[in-house]
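> Whatever this is, show me its structure:
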Amino acid sequence: PEFQRYKGRVVERGDAMKDEEGAYAVFSEQGASASRVEAARFIDAISRMDGCTGFNIDAIKAFNQIKLPPDCPPLWCALPRHRWPKEWEGKGFRRPVALQLYNLYGHPRAGHYWEQFVHKVATEEGWRPFPGWECLYYHPKDCLVMNVYVDDFKIAGRKDTINVAIDRLRVHMKLDDAVAINSGIYLGMTQRDIPCPPELLKEKQDLFDLIMNAAHPTALPQKQDGDAAFHTAFRSKSTNNEQKTKPPKGARRLTAEEVRCWESEMIGHVKASVKRYCDLSRTDIKSLQKVATPNLDDSSFVESDFTTKGVLSAEACRIVLMALWSARNVRPELLWTVNTLSREVTKWTVACDKRLKRLISYMHWHVDDVQVSFVGDSPEKCGLFLFCDASFAADAPHSKSTSGSFLALVGPNTFCPITWFVKRQGCVTHSSSEAEIASLDASVRMIGIPCLQLWEIVCSMFVRFDSRSASAACVETEINQYSQDNIYSVY
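Below you'll find the predicted structure:
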């Protein structure tokens, strides 16, 4: 007990607010902006680059730090009897009220007011918002990047400037002690530094060389005699593009000891998801069989499975949406099944019951799976590789295809997964090629272009910081040339 600490929070009953006439008060929809997982992953990668570090910082009682702005309507609050000040006792008060001056959790605009305050503080201290990204800032002078998720701050950049920048933020707001990114938990995800597996490093280095040298016939696998015509055609087509696909100048293969490698895991969350399924479905965890994949093919079902109501229709939402968080953060192989089931929570069938059990069985037997990333290059030597694919009319109940995409930050000695998605296409395609074009369009538009814009700013910022003697025009030209050669690529 002496090592336990209890935490509490004063919350305002936002659902019980009434106006002066007794009617329920209606506020305009002004929720806080969304913070994207991709931003946090970029910061994780930056913090491992040479000369950089990163921290996670919590704001202490974030909403309560600020006063309500002048544009907020006056609020009079009734306090519970056990929270009355001593001077109120014995004066015959029946239901006294007090004017609310500070922001409280539960207020319909609490998140919006806090976001406005953070934005004001950040801009005053020289931070600039990334165009097209919410709650994400960069400091061009100090070479730093900061992501804000309500009261969680994630900052990475140059070692010699980051502590001073954090101290400047502390002048305006109460922040907890900074915790190194590689030793803390951020939104349920744990990171820890590990030795880089040599075989994984070599595999990704070979992949990078193969992609970057794809225009060189010698980089292709050895072809059989029957493929000679294809090989010759590829050679003639690639001759004019050889100069554009060479690896970055000065790139060399690093050893496993020279790169910084880390693993990301949500083992506790995966275990909790399995336990919730077992509790709600009254399933013995020992009955979950070992399986190799998280999904069942549609050929495994009979026609009645798609029309008969499932047993877990009432509890499906509570199970599936809990599994979604781990699939979105560190377990991309779960995402197809989770997304498929999440679309069916209002029309749950026996086929969904079977899919869900397969998913939970896979999670149970692969609970210790982690995602491994490593960084060994500076930002300007890294590019964004976007891989797209599609399944053509693969689902039996309908004729629509599914888009899949995977984006990674890649360099000669770097491989860091950034984001991935699985999304059912809104149109009906008539061929596999058409389905893949639709997937390409969605991937480039939704994640490719926004992430490309972000990384170009990061590269430009770091190169300017490291090349103070070079003119800005020369630095910008170098970045743009590298972007054209290596970043504007989709595979």
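
> residue boundaries of the helices in this structure?
Secondary structure of the chain, counting by DSSP state H: helices at 37-47, 110-124, 159-170, 198-212, 228-238, 267-281, 316-329, 335-342, 350-365, 432-443, 449-466, 472-482.

> Return the most buried member of the ones you listed.
Ranked by mean neighbour count under mean count of other Cβ atoms under 10 Å, the helices of the chain are led by helix 37-47, which reaches a mean of 24. All C-beta spots, glycine's among them, are computed from the backbone N, C-alpha and C.

> Go ahead and produce CSV holding the CA coordinates of that one.
Taking Å, rounded to 0.1, in the frame of the first residue of the first chain, the C-alpha atoms of helix 37-47 are listed here in CSV:
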residue,chain,number,x,y,z
VAL,A,37,-0.3,8.2,-35.3
GLU,A,38,2.0,8.8,-38.3
ALA,A,39,3.3,12.0,-36.7
ALA,A,40,4.3,10.1,-33.6
ARG,A,41,6.2,7.5,-35.7
PHE,A,42,8.1,10.2,-37.6
ILE,A,43,9.2,11.7,-34.2
ASP,A,44,10.3,8.2,-33.0
ALA,A,45,12.5,7.9,-36.0
ILE,A,46,14.0,11.4,-35.7
SER,A,47,14.8,10.8,-32.1
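
> Same list, the helices of the chain, but as TSV with distance to residue 94 please.
Formatted as TSV, the helices of the chain follow (distance: least, Cβ to Cβ, whole Å):
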stretch	distance to residue 94
helix 37-47	50
helix 110-124	29
helix 159-170	44
helix 198-212	70
helix 228-238	86
helix 267-281	45
helix 316-329	42
helix 335-342	49
helix 350-365	53
helix 432-443	60
helix 449-466	56
helix 472-482	69
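
> between those helices, which gets the lowest average pLDDT?
Of all the helices of the chain, the minimum mean pLDDT falls on helix 228-238 (a mean of 36).

> isn't residue 336 right next to residue 402, touching?
Yes: using Cβ atoms under 8 Å, residue 336 is in contact with residue 402, at 7.3 Å.

> Overlap of the contact sets of those two?
Counting by Cβ atoms under 8 Å, 6 or more residues apart in numbering, the contacts common to residue 336 and residue 402 are residue 422.

> do you know which of the helices of the chain lies nearest residue 75?
Closest approach to residue 75 among the helices of the chain is made by helix 110-124 (11.5 Å; Cβ to Cβ).

> same for the closest one, what does it pack against?
strand 128-129, strand 144-149 (3 or more Cβ pairs under 8 Å, 6 or more residues apart in numbering; DSSP states H and E).

> could you check the angle helix 159-170 makes with it?
130 degrees (axes from the mean of the first three to the mean of the last three Cα atoms, to 10 degrees).

> what inclination does helix 110-124 have with respect to strand 144-149?
Going by the same axes, to 10 degrees, helix 110-124 makes 170 degrees with strand 144-149.

> Alpha carbons of helix 110-124, in PDB - could you do that?
Extracted in PDB, the C-alpha atoms of helix 110-124 (Å, rounded to 0.1, in the frame of the first residue of the first chain):
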ATOM      1  CA  ALA A 110     -12.500  22.100 -22.800                       C
ATOM      2  CA  GLY A 111     -10.300  20.400 -25.400                       C
ATOM      3  CA  HIS A 112     -10.800  23.200 -27.800                       C
ATOM      4  CA  TYR A 113      -9.700  25.900 -25.300                       C
ATOM      5  CA  TRP A 114      -6.700  23.800 -24.300                       C
ATOM      6  CA  GLU A 115      -5.700  23.400 -27.900                       C
ATOM      7  CA  GLN A 116      -6.000  27.100 -28.500                       C
ATOM      8  CA  PHE A 117      -3.700  27.800 -25.500                       C
ATOM      9  CA  VAL A 118      -1.100  25.300 -26.600                       C
ATOM     10  CA  HIS A 119      -1.100  26.700 -30.200                       C
ATOM     11  CA  LYS A 120      -0.700  30.200 -28.800                       C
ATOM     12  CA  VAL A 121       2.300  29.200 -26.600                       C
ATOM     13  CA  ALA A 122       4.000  27.200 -29.300                       C
ATOM     14  CA  THR A 123       3.800  30.000 -31.900                       C
ATOM     15  CA  GLU A 124       5.100  32.500 -29.400                       C
END
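
> what about it, distance to the chain center?
Helix 110-124 sits 22 Å away from the centroid of its parent chain (Cα atoms, centre = their mean, to the nearest Å).

> same question, stretch 362-376
The answer for stretch 362-376 is 16 Å, by Cα atoms, centre = their mean.

> What would it look like as PDB? C-alpha coordinates only.
Only the C-alpha atoms of stretch 362-376 are listed here, as PDB (Å, rounded to 0.1, in the frame of the first residue of the first chain):
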ATOM      1  CA  TYR A 362      -4.000 -15.700 -33.600                       C
ATOM      2  CA  MET A 363      -3.500 -12.900 -31.100                       C
ATOM      3  CA  HIS A 364      -3.300 -15.300 -28.200                       C
ATOM      4  CA  TRP A 365      -0.600 -17.500 -29.800                       C
ATOM      5  CA  HIS A 366       1.300 -14.500 -31.200                       C
ATOM      6  CA  VAL A 367       0.900 -12.200 -28.200                       C
ATOM      7  CA  ASP A 368       4.700 -11.600 -28.000                       C
ATOM      8  CA  ASP A 369       5.100 -10.400 -31.600                       C
ATOM      9  CA  VAL A 370       6.700  -6.900 -31.800                       C
ATOM     10  CA  GLN A 371       7.500  -4.400 -34.500                       C
ATOM     11  CA  VAL A 372      11.200  -3.700 -35.100                       C
ATOM     12  CA  SER A 373      12.500  -0.500 -36.600                       C
ATOM     13  CA  PHE A 374      16.000   0.800 -37.100                       C
ATOM     14  CA  VAL A 375      17.700   4.100 -38.200                       C
ATOM     15  CA  GLY A 376      21.200   4.600 -39.400                       C
END
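
> Done for today, thanks.
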